[in-house]
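> Below: sequence and its predicted model.
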Amino acid sequence: MHEEILEKKPILVQLEKRNLELKHENRELMAQLLDGKQHIESSVRQCQHSKVIQRTERKLGEMVVQVNMMQHIFQCLILGSAVDWGSDQRLCQLMISLGKPLDMQLCLHDPATLTDVSTHDS
């Protein structure tokens, strides 16, 4: 029996070595899997963020169209009212500003610029 144990011992040592190698490989593969999972999650977040940006840009574009339409309607109301807007400085500035395209940089920094025309000089 002692001889049998001695005969099997090198096989056992080889199996233990192989077991350790497989455990090491398994840990490396798990680390790669986790890295891949994190990369995929990051890509998904970026894609979702990109979709949010696209949706926001679309909504902003729609709002700009609406504001432009309101500007033109307001100009038409003033013109149709037969008010002498040319002799009133505020109305004159208002009419000129209504004819200009939106300055989105200005609006983003100071939202009050959308309502208070008296602060702008052309």
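All right, it came through fine.

> ok, and the closest non-adjacent residue to residue 83?
residue 91 (6.8 Å; Cβ to Cβ, 6 or more residues apart in numbering). In this view, the C-beta of every residue, glycine as well, is placed from N, C-alpha and C.

> all strands of the protein, in order?
Remark: no strands are assigned in the chain by DSSP state E.

> Where does the prediction get shaky in it?
For the chain, the stretches with pLDDT under 70 are 103-122.

> All the helices of it, in order from the start?
2-80, 89-98, 104-109 (DSSP state H).

> May I see the ones you listed arranged in TSV, with mean neighbour count as well?
Shown next, in TSV, are the helices of the chain (neighbours: other Cβ atoms under 10 Å):
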stretch	mean neighbour count
helix 2-80	10
helix 89-98	15
helix 104-109	10
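
> Pretty sure the residue nearest to residue 83 sits against residue 79.
No - contact criterion Cβ atoms under 8 Å: residue 91 and residue 79 do not qualify, at 10.8 Å.

> who touches both of these two?
Among the neighbours of residue 91, those also in contact with residue 79 (Cβ atoms under 8 Å, 6 or more residues apart in numbering) are residue 85.

> circling back to that earlier point, can you pull the contacts of the residue nearest to residue 83?
78, 83, 85.

> gap between it and residue 78?
7 Å (Cβ to Cβ, to the nearest Å).

> anything in contact with each of these two?
In contact with both residue 91 and residue 78: residue 85, using Cβ under 8 Å, 6+ apart.

> how near is residue 12 to residue 56?
65 Å.

> got it, and residue 74?
Residue 74 is 26 Å from residue 56, by Cβ to Cβ.

> cool, residue 77 as well?
For residue 77, the distance to residue 56 - Cβ to Cβ - is 31 Å.

> again, but for residue 11
Applying Cβ to Cβ, one obtains 67 Å for the distance of residue 11 from residue 56.

> Also residue 26?
From residue 26 to residue 56 the distance is 45 Å (Cβ to Cβ).
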